[in-house]
Structures are given as C-alpha cells and as structure tokens.
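[1] Give me a model of this one.
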Amino acid sequence: MSNQFGVNVIDIPETINYVKRNKSSVARFGDGEFDLILGRGIPYQTFNIDLSSRLKKILFTPSNEKLIICVSDVFHDLDRYNDYANSFWKQNLEQNKTLYKEMGEKN
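    Numbering: from 1, shown residues only. Next comes the predicted model:
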C-alpha cells in the first residue's frame, strides 16, 4: 500500500501466506529497531553504532523469497487504531520521517 513516504506494506494475512508459501525468514522492524538505527537507545538496548549499521543494512535489503523485511503497518489509515496508538504513531512518523522517506525511495 502506498502512502506519504512511499513505503509499501502488505497486510498481515498476505504476509503470513507469503512466508508459509516460500518458507521465508522474517526480519521484523518496529519502533525500537528504528530508534536504534537513528542513534537512540531503547530501554533494553543501549545505542551501538555497529548494531545500528547492521540493522539499517538489513532494513534496506530487498525482500525476496528467502527473506521478507517486515515493518509495522502504520503508514496509512491510523484512524483504525485506538487513541493511544494513533497518537504514538503520528508522533513516531513525524520524528522518523527522514528514515521513512529513505525507505520509500528504496522501494
């Protein structure tokens, strides 16, 4: 699905079917992994430049039958989430927009 950043995310059932059909490995990136890539530590992981670099390299690896890169489906229609999640992701999208735009350009 397209959005303001150009990040393409397929829905959960389609992702599960793809993984099952291809016996793919999954690399899952959420808000914590994005924080680490962007130089911020998280409660259970201090920032490490080598880890940040490796995570970014994986994030920008094109998905294929052997490996699918998964990110949260938050790049469109945040109204489907409760107020807390909606507010969290709006703030997150604004705070990390440079990385998300870079992700969209790599699609």
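[2] and the gap between residue 47 and residue 16?
    32 Å (CB to CB, to the nearest Å). All C-beta spots, glycine's among them, are computed from the backbone N, C-alpha and C.
[3] residue ranges with poor pLDDT in the chain?
    Scanning the chain with the threshold set as pLDDT under 70 gives 1-2, 107.
[4] quick one: the helices in it?
    Secondary structure of the chain (DSSP state H): helices at 12-22, 31-37, 49-59, 83-95, 97-106.
[5] Looking at these, which is nearest to residue 5?
    With CB to CB, the closest approach to residue 5 among the helices of the chain belongs to helix 97-106: 4.2 Å.
[6] Just the buried positions in that closest one, please.
    For helix 97-106, burial by neighbour count (16 or more other CB atoms under 10 Å) applies to 100, 102, 103, 104.
[7] Now do the contacts for the nearest residue to the first one once chain neighbours are set aside.
    Among residues not flanking residue 100 along the chain, residue 5 sits closest, at 4.2 Å (CB to CB, 6 or more residues apart in numbering). For residue 5, the residues meeting the contact criterion (CB atoms under 8 Å, 6 or more residues apart in numbering) are 75, 93, 97, 100, 101, 103, 104.
[8] mind giving me TSV with those and columns for distance to residue 64?
    Converted to TSV, the contacts of residue 5 look like this (distance: CB to CB, whole Å):
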residue	distance to residue 64
75	21
93	27
97	27
100	22
101	23
103	17
104	19
